[in-house]
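**Student:** show me the folded form of this:
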Amino acid sequence: MSKNKINEEIKNLQTQLAIEKAEDLSQFKIKMQSTTLIERRNEGVLWYPVQLATSLYDAGERLIINVSRSKEHSGSHLFQNGKLVSIFSNSDSNNEQTTFVTGVVNQVREFDMYITINNDIFPDWLKDGKLGVQLLFDENSYLEMERALNILQKTDDRRLNQLKSIIIGDEDASFEEKYKVSIPTLNKSQNDALNLVSKAQDLAIIHGPPGTGKTTTIIQSIVHTLKDEKQILVCAPSNSAVDLLVEKLSEKGINVLRIGHPARVTDNVLKNTLDTKVTLHEHYKDVKMIRKQAEELFKSAGKYKRNFGPEERRQRNESFKEARRLKDEAKQLIHYITSSLISDAQVIATTLVGANNYQIKDMKFKTVFIDEAAQGLEPATWIPIIRSDRVILAGDHSQLPPTVKSYEAAKNGLEITLFEKAIKRNSADVMLNEQYRMNEKIMTFSSRYFYKNQLIANEKVKIHTIFDEDIPVEFIDTAGTGFSEYTDPETKSTMNREEADLLMKYLKTYLEGINETNLTEIDGIGVISPYKAQVNILQEHFDNNFEFPDFVKEKVSINTVDSFQGQERDIIFISLVRSNEKNEIGFLADIRRMNVAMTRARKKLVIFGDSGTICKNNFYNSFVDYINEIAAYKSAFEIMY
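**Tutor:** The predicted structure is shown next:
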């Protein structure tokens, strides 16, 4: 592919990214403008009112507040870890936000939220009541992606232009055989991936289907690469994916520095953040002492004096001058500590967008590892690549792609990830083919449909079940029952109450048939649907009618397919919802979403759906053929009475 063709492709990305940004902002404004507090709360972009529960300073000396909402306002919401928010008080007004401070969500649960606020001092007005927390539009990610695409278009950097030609052009990636690596704890395909990374000069791709040990492989590859390189950049699209890598690398004794807002990392990773490492540095006590002296001088110089002549003015100026000198000295010491910590780190870990953080923006890396690369927008994925000479991508393009809010932008290419382009345009990949999660019968359909029937089940999981006589896969066909879908007029999400009721009834019956010892040993029960409205009905049924001991109920998680990506459970029940005469299947047509749902289960997978509606689609028709092949079919009538 010529340089002009590559630049045309990048130009198209710029266009689609602009469309996506406009759509994202438009949707946000619609949610926020011309709506009351109650309407915004119903839209899920506002918690109001909230009560201030506690406040504290974390190890990085950032102020964290904990707010809670009442159970009567416990509807679904769009708050997530890492989201920008405004904390406001309208104690002096009935409907207007009169005072506010911004912050970042640290942790959010059903009724309470921890927020790191962008203020060093506790705002007294937080005690005045009538508090609310509202989502903000985060433009920074778009600005960084736009900047990366501009650099790609205009760069005259020889190496970056070469990487462009290799990753999205037609230039071949080069490899240099050094020495064969074989780690006994890795299987053959994992060792093949490790060796591919070792000899790659430009690009290597680790294709990791569900349960095949992708994280284990990428961690070992990083550890092995550090034998030849002093420092590596490690990235992923989400904070949670970065944090997992940081945890695993820390367990290996690697000196990892986590770049990013401390509110966006888990508690286990907080010790690896730059802010925390700075405060734990041996010279940080000197910074605190110097700052205290400066504050005392500022305070003393600013005091009112009844007699204020030339001498007093001179003394005040001298005090201000000395205070400013001390503040500069503290800044220089902080800069020294920060530079030292960054220089000493073996791994710099951050999100894709965070790779352009001001603390590391001038750094260049020999190698960047990008995990979950099939979930990152292409413009975001280029951000760390611009800073690197060699690229290692890991992911699976047969699982969920990144979320694109604009249908137009998605249709015109923004939904296609750099991982997907690179694996199709290069011969630089190894697929991990031994999976350690699923019973073989749970695995087989996905292996056939998505992975050219190349997956094999490890002997330890091949036939594992909840109990000896159990059937690992079941499809409960609701065709002919009269169950019908319904669209929620408020959320526009689809639900099927009768299917939800039947699913929960069957789950109850199934669990009642398991002895207490096996019940105790079950590691998680997931109830999944692609539709949020159906999730709400399932949760309602569970809360009101699921009569089991607490130790069983605590094992149950109910959520959307997207929320379960990256997770696994011993038991998974899936509600497909759709049942109509037009054979419309909506979300279900995204078969990558269903690949994720089906491959969350280790020992038991039960899927509820209407074959009459879904089987017009080739994927579901093939799935029902497989179900019949393994004798896993049941009509809903068999369990209704």
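**Student:** what is the neighbour count of residue 513?
**Tutor:** 12 (other Cβ atoms under 10 Å). Yep, even glycine has a C-beta here, placed from its N, CA and C like the rest.
**Student:** nope, residue 80 is what I meant
**Tutor:** Applying the criterion other Cβ under 10 Å, we find 12 residues in the vicinity of residue 80.
**Student:** my guess is it meets residue 106, correct?
**Tutor:** No. With contact defined as Cβ atoms under 8 Å, residue 80 does not count as touching residue 106 (11.0 Å).
**Student:** longest strand anywhere in the protein?
**Tutor:** strand 46-57 (DSSP state E).
**Student:** what are the pairing partners of that one, and which direction each?
**Tutor:** strand 63-69 (antiparallel), strand 131-135 (antiparallel) (DSSP bridges).
**Student:** what about the stretch 1-150 of the chain, any weak spots by pLDDT?
**Tutor:** The stretch 1-150 of the chain contains residues with pLDDT under 70 at 1, 58-61, 91-98.
**Student:** so where's the stretch 251-400 of the chain uncertain?
**Tutor:** Counting by pLDDT under 70, the stretch 251-400 of the chain contains low-confidence ranges at 261-264, 298, 301-309, 311-312.
**Student:** repeat that for 80
**Tutor:** 261-268, 294-321, 323 (pLDDT under 80).
**Student:** now do the helices in it.
**Tutor:** Counting by DSSP state H, counting those that start in this stretch, the stretch 251-400 of the chain has helices at residues 274-280, 284-301, 310-344, 378-385.
**Student:** out of those helices, nearest to residue 64?
**Tutor:** With Cβ to Cβ, the closest approach to residue 64 among these belongs to helix 274-280: 12.3 Å.
**Student:** buried stuff in the closest one?
**Tutor:** 274, 275, 276, 277, 278, 279 (16 or more other Cβ atoms under 10 Å).
**Student:** how about stretch 242-254?
**Tutor:** 242, 243, 244, 245, 246, 248, 249, 250, 254.
**Student:** okay, it in PDB with CA atoms only?
**Tutor:** Output of stretch 242-254 as PDB, limited to C-alpha atoms (Å, rounded to 0.1, in the frame of the first residue of the first chain):
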ATOM      1  CA  VAL A 242      -3.800  -1.900  32.900                       C
ATOM      2  CA  ASP A 243      -4.200  -2.600  36.700                       C
ATOM      3  CA  LEU A 244      -4.400  -6.300  36.100                       C
ATOM      4  CA  LEU A 245      -1.100  -6.200  34.200                       C
ATOM      5  CA  VAL A 246       0.500  -4.000  37.000                       C
ATOM      6  CA  GLU A 247      -0.600  -6.500  39.700                       C
ATOM      7  CA  LYS A 248       0.700  -9.500  37.800                       C
ATOM      8  CA  LEU A 249       4.100  -7.800  37.000                       C
ATOM      9  CA  SER A 250       4.500  -6.700  40.600                       C
ATOM     10  CA  GLU A 251       4.000 -10.300  41.700                       C
ATOM     11  CA  LYS A 252       6.900 -11.200  39.500                       C
ATOM     12  CA  GLY A 253       9.100  -8.600  41.300                       C
ATOM     13  CA  ILE A 254       9.100  -6.100  38.400                       C
END
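**Student:** list the contacts of it.
**Tutor:** Contact partners of stretch 242-254, identified using Cβ atoms under 8 Å, 6 or more residues apart in numbering, comprise 215, 218-219, 222-223, 226, 234-236, 256, 258, 260, 265-266, 268-269, 272, 346-347, 349-351, 371.
**Student:** go on, stretch 498-518?
**Tutor:** Identification of contacts with stretch 498-518 by Cβ under 8 Å, 6+ apart yields 466-467, 476, 478, 481-484, 519, 522, 525, 527, 534, 537-538, 541-542, 545-548, 552, 573, 575-577, 579, 606, 608, 636, 639-640.
**Student:** likewise for stretch 577-596?
**Tutor:** 210, 398-401, 446, 449-450, 478, 483-485, 494-496, 499, 529-531, 534, 561-562, 564-565, 576, 609-610, 612-614, 616-617, 619-620.
**Student:** follow-up on the earlier one: any idea which of the helices of the stretch 251-400 of the chain gets closest to residue 124?
**Tutor:** Each of the helices of the stretch 251-400 of the chain has some distance to residue 124 by Cβ to Cβ; the shortest is helix 284-301, at 18.7 Å.
**Student:** now the closest one: how far from the chain's centre is it?
**Tutor:** Taking Cα atoms, centre = their mean, to the nearest Å, the mean C-alpha location of helix 284-301 is offset from the chain mean by 40 Å.
**Student:** so it versus helix 310-344, what angle?
**Tutor:** 160 degrees (axes from the mean of the first three to the mean of the last three Cα atoms, to 10 degrees).
**Student:** packing partners of helix 284-301?
**Tutor:** The helices and strands touching helix 284-301, judged by 3 or more Cβ pairs under 8 Å, 6 or more residues apart in numbering; DSSP states H and E, are helix 310-344.
**Student:** list the ones among the contacts of stretch 577-596 that fall in helices.
**Tutor:** For the contacts of stretch 577-596, the ones inside helices are 446, 449-450, 499, 534, 561-562, 564, 612-614, 619-620, with DSSP state H as the criterion.
**Student:** so can I have a markdown table of those residues showing distance to residue 115, neighbour count and pLDDT?
**Tutor:** Shown next, in a markdown table, are the ones in helices among the contacts of stretch 577-596 (distance: Cβ to Cβ, whole Å; neighbours: other Cβ atoms under 10 Å; pLDDT from 0 to 100):
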| residue | distance to residue 115 | neighbour count | pLDDT |
| --- | --- | --- | --- |
| 446 | 39 | 23 | 98 |
| 449 | 43 | 19 | 97 |
| 450 | 40 | 21 | 97 |
| 499 | 38 | 28 | 97 |
| 534 | 30 | 28 | 95 |
| 561 | 28 | 23 | 92 |
| 562 | 24 | 14 | 88 |
| 564 | 26 | 21 | 88 |
| 612 | 48 | 15 | 96 |
| 613 | 43 | 23 | 97 |
| 614 | 42 | 25 | 97 |
| 619 | 42 | 18 | 97 |
| 620 | 43 | 24 | 97 |
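**Student:** ok, back up a step: looking at the buried residues of stretch 242-254, which is nearest residue 426?
**Tutor:** Using Cβ to Cβ, residue 245 comes nearest to residue 426 of the buried residues of stretch 242-254, at 23.6 Å.
**Student:** so how far is the helix or strand containing the closest one from its chain's centroid?
**Tutor:** Taking DSSP states H and E as the definition, one finds residue 245 inside helix 239-251. On the basis of Cα atoms, centre = their mean, helix 239-251 sits 12 Å off its chain's mean C-alpha point.
**Student:** same thing with stretch 65-77?
**Tutor:** The chain centroid and the centroid of stretch 65-77 are separated by 22 Å under Cα atoms, centre = their mean.
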